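Asker: Attaching a predicted model along with its sequence, questions to come.
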Amino acid sequence: MPGPNSTHENSLAANSADASTVGLTPPRGVITVFADIWCSFAHIAVHRLHTTRARLGLTERVSFDLRAFPLELLNDAPSPRPGTDSEVARMAVLEPDAGWQLWQAKDWLYPSTTLPALEAVLAAKEQGLNASEQLDLGLRRAFWAESRCVANRRVILDVAADTGVVDVGALTEALDDGRARRALADQAALAGSDRIDCSPHLFLPDGSDHANPGIDVDWAGDYGIGWPVIVSDDPKVYEDILLRAAAA
C-alpha cells in the first residue's frame, strides 16, 4: 500500500506554505517540479505548465527544473498497472490534449520502472533546463499517450532524438557513466521526507509551494482497485504560478 507523503494518491491538497526555510526555493524565472512519470496528476501538471507558459508568452522567461519523485522507491514496489489504468479516463477528461490511451502495446512491454527515464531527465540538465524539460515532456507522452516502454534505453534515446534539442550522444555518455544517479538518489531521499508532499509538487521563487495545483481529488476504493474522483479542478491557477515565477 502507498505510504503517507510518498505518492500522489495520498496527499493531493493544494498547499502554499513557505518553502524558503527548507532550501527548495529556486531562482527567479525557474519553477522546481518534483514529479514521477508514472503519475497522471504530474502528466497534467507538466502539460499545463508548458501550455500556459506558451500562451502567456513566458517561454523565454520561465524554465522548469524537473526533479525526481520516484514512486517505486518511496513505495518499495513498482507502480501497479491497475492504478494507472484506472486513472486514464478520469484524468483525460481534465486535459485531453495532454495525450492519453489505455496501454496498447504487449503486456510484457509495460514499464516496470521509471528510474532510467527519471535519470535521463536529470542527466539532460547538463545541456540546459530546456533540454531536460523537453525530454521529460516527451517521455510522459511516450508513456501515457503512445504506450511506449519508457524503462527501455532505446525508447529513452529515441524520445530524446525526437525532441530536436537534446544531444543524444552526450546523453548516452551521461547514462553510460551514471553521472546523474547520485542526484536521483538524493532527490528520492528528499521526496521521502516531509518537505515534499506528493507528485506533482511545485516550488516557486517567491518561497511558495503548490502540491498538485488546482486539483482536489478523492478516491473511490483502494488505489489499483477503485478510481480517482475529481472534487474540483481549477487550471487557471497555472496562470498565477507562471506569472509569479516570472516576476519574483
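Answerer: Nice, thanks for sending it over.

Asker: Against Ala220, how distant is the residue most central in space within the chain?
Answerer: Centrality entry for the chain: nearest residue to the mean C-alpha point is Ala35, 3.3 Å, by C-alpha atoms, centre = their mean. From Ala35 over to Ala220 the distance is 24 Å, taken as C-beta to C-beta, to the nearest Å. C-betas here are computed from N, CA, C, even on glycine.

Asker: likewise Ala245?
Answerer: 35 Å.

Asker: Looking at the two now, which is surrounded by more residues?
Answerer: Ala245 (28 against 11; other C-beta atoms under 10 Å).

Asker: Could you say which helix or strand holds the more buried one?
Answerer: Applying DSSP states H and E as the criterion places Ala245 in helix 237-247.

Asker: what does His43 give?
Answerer: His43 belongs to helix 40-55, assigned by DSSP H and E.

Asker: name the helices or strands packed onto the helix or strand just after that helix?
Answerer: As assigned by DSSP H and E, the chain's next helix or strand after helix 40-55 is strand 63-68. Applying 3 or more C-beta pairs under 8 Å, 6 or more residues apart in numbering; DSSP states H and E, we find strand 63-68 packed against strand 30-35, helix 115-123, helix 129-144, helix 181-191.

Asker: So what touches the second one?
Answerer: Under the contact criterion C-beta atoms under 8 Å, 6 or more residues apart in numbering, helix 115-123 has outside partners 36-37, 66-68, 70, 72-73, 111, 132, 135-136, 139, 150-153, 156, 160, 171, 174-175, 178-181, 183-184, 187.

Asker: now swap in the third one and tell me
Answerer: For helix 129-144, the surrounding residues in contact (C-beta under 8 Å, 6+ apart) are 30, 37-38, 40, 42-43, 46-47, 50, 63-66, 88, 98-101, 111, 117, 120-122, 124-125, 148, 150, 155-156, 159-160, 162-167, 171.

Asker: before we move on, what about the shortest one?
Answerer: Residues outside strand 30-35 that contact it (C-beta under 8 Å, 6+ apart): 24, 26, 42, 45-46, 49, 62-69, 129, 187, 190-191, 196, 199-205, 241-242, 245.

Asker: Tell me the spacing between the closest residue in space to Pro111 that isn't next to it in sequence and Trp108.
Answerer: The spatial neighbour of Pro111 that comes closest, neighbours along the chain excluded (C-beta to C-beta, 6 or more residues apart in numbering), is Ala151 at 3.7 Å. Computed with C-beta to C-beta, the distance linking Ala151 and Trp108 is 11 Å.
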